[in-house]
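**Q** Make a model of this:
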Amino acid sequence: MAKVSPKRQITLPLEQCAIAHINAGDDVESFVDRQGVISIVKKQSGAARGLLKGIAGNTQVSEQESLESALDK
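**A** Numbers count the residues shown, from 1 in each chain. Down below sits the predicted model:
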């Protein structure tokens, strides 16, 4: 069982890292759901590539207008 250090650091078990292909120096991100379950995900370059493919943008709206509209919500 892992313990949280005074700096809130956790050492991941070697077996779990091997399964998730997580190595020393890899970037990971953590998420917490409403029940308090923490998930750790290895970040991978290019993982989101093509995510917005096929979605047409509105060229009539400037970048500034888009930003202001997002901040107003």
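**Q** Which parts of this protein are strands?
**A** Along the chain, counting by DSSP state E, strands occupy 28-32, 38-42.
**Q** Run me through the strand neighbours of the first one, direction for each.
**A** It stands for strand 28-32. According to DSSP bridges, strand 28-32 has the following sheet partners: strand 38-42 (antiparallel).
**Q** Return the alpha-carbon coordinates of the partner strand using CSV.
**A** Extracted in CSV, the C-alpha atoms of strand 38-42 (Å, rounded to 0.1, in the frame of the first residue of the first chain):
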residue,chain,number,x,y,z
ILE,A,38,-8.4,9.6,-8.1
SER,A,39,-7.4,8.4,-11.6
ILE,A,40,-3.9,8.9,-13.0
VAL,A,41,-3.5,9.0,-16.8
LYS,A,42,-0.3,9.0,-18.7
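**Q** circling back to that earlier point, so which of the strands of the chain has the densest surroundings on average?
**A** strand 38-42 (a mean of 12; mean count of other CB atoms under 10 Å). For glycine as for every other residue, the C-beta is placed from the backbone atoms N, C-alpha and C.
**Q** from the chain's centre, how far out does it sit?
**A** A distance of 8 Å separates the centroid of the chain from that of strand 38-42, by CA atoms, centre = their mean, to the nearest Å.
**Q** and if you look at stretch 7-26?
**A** That offset, for stretch 7-26, works out to 16 Å (CA atoms, centre = their mean).
**Q** Tell me the buried residues in it?
**A** For stretch 7-26, the neighbour count (16 or more other CB atoms under 10 Å) marks Cys17, Ile22 as buried.
**Q** Geometric centre of this protein: which residue is closest?
**A** Centroid-nearest residue in the chain, with CA atoms, centre = their mean: Glu29, separated by 4.7 Å.
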